[in-house]
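Novice: predicted model follows, preceded by the sequence.
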Amino acid sequence: MKWGLRAILAALVILSLGLKFAAPYRATQDVEPISGLASVLGSHLSGPMSHKGWGSAENPSWIITAPVTGCREPLTIVTVIPPSFNAAVALASFERPGDRHYFAYLDWISSQPDRWGLLRLRIWQRAQQMLHASAYGSPRVMLYIIESSDCRVVEAVSWRKYWLAGR
């Protein structure tokens, strides 16, 4: 009986810590999207980037258009607050036939959403922030990136620079 109560108590402590780590976190210094993306794309940029707001007041996002060298169409980059992949369904309407899309968050980039992998990343990131051991400036933003079929920039650059730009 004692061991059962201890196990329940331990599970509650672990669950409460997990929820605390996974809860949305507002970094003290968010990355400004245009300068953050300029640090990522650097010499790949072939012109000025443009942007506009998108989303709701509770979940504001930016749609950024970035012309890059060697690509017929500019990259479309949307800031999204993870762990929601729901915006991806709406964002698919921006894609043209043959376009590819990617999700980028910290050290992770993928063409497929991974809710559990992203949750693990967010928990680990929150733990590092609580210990002041995080290298990232604005870990609350995920990027949704669309590139045309003739473009190969997304996999050629280090997207983690976006989150390092705020440091």
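Specialist: Structure received.
Novice: what helix or strand is residue 79 on?
Specialist: Assigning secondary structure by DSSP states H and E places residue 79 in strand 75-80.
Novice: residue 39 - that's part of a helix, no?
Specialist: Yes - note on residue 39: a helix contains this position according to DSSP: H, G, I helix; E, B strand; the rest coil.
Novice: confidence score at it?
Specialist: Residue 39 carries a pLDDT score of 84 in this model.
Novice: you'd agree it is up against residue 161?
Specialist: Yes - applying CB atoms under 8 Å, one finds residue 39 in contact with residue 161, separated by 5.1 Å. For glycine as for every other residue, the C-beta is placed from the backbone atoms N, C-alpha and C.
Novice: thought residue 65 was touching residue 71?
Specialist: No - using CB under 8 Å, residue 65 is not in contact with residue 71, being 11.6 Å away.
Novice: which one of those two has more residues nearby?
Specialist: Set side by side, residue 65 and residue 71 show more neighbours around residue 71, with 18 against 15, by other CB atoms under 10 Å.
Novice: tell me where the model's unsure across the protein.
Specialist: Along the chain, segments meeting pLDDT under 70 span 15-31, 55-59, 82-89, 128-129, 131-139, 165-167.
Novice: so where do the helices sit in it?
Specialist: Secondary structure of the chain (DSSP state H): helices located at 2-22, 33-41, 86-91, 115-130, 160-164.
Novice: quick one: distance of the strand holding residue 79 to the chain centre.
Specialist: 10 Å (CA atoms, centre = their mean, to the nearest Å).
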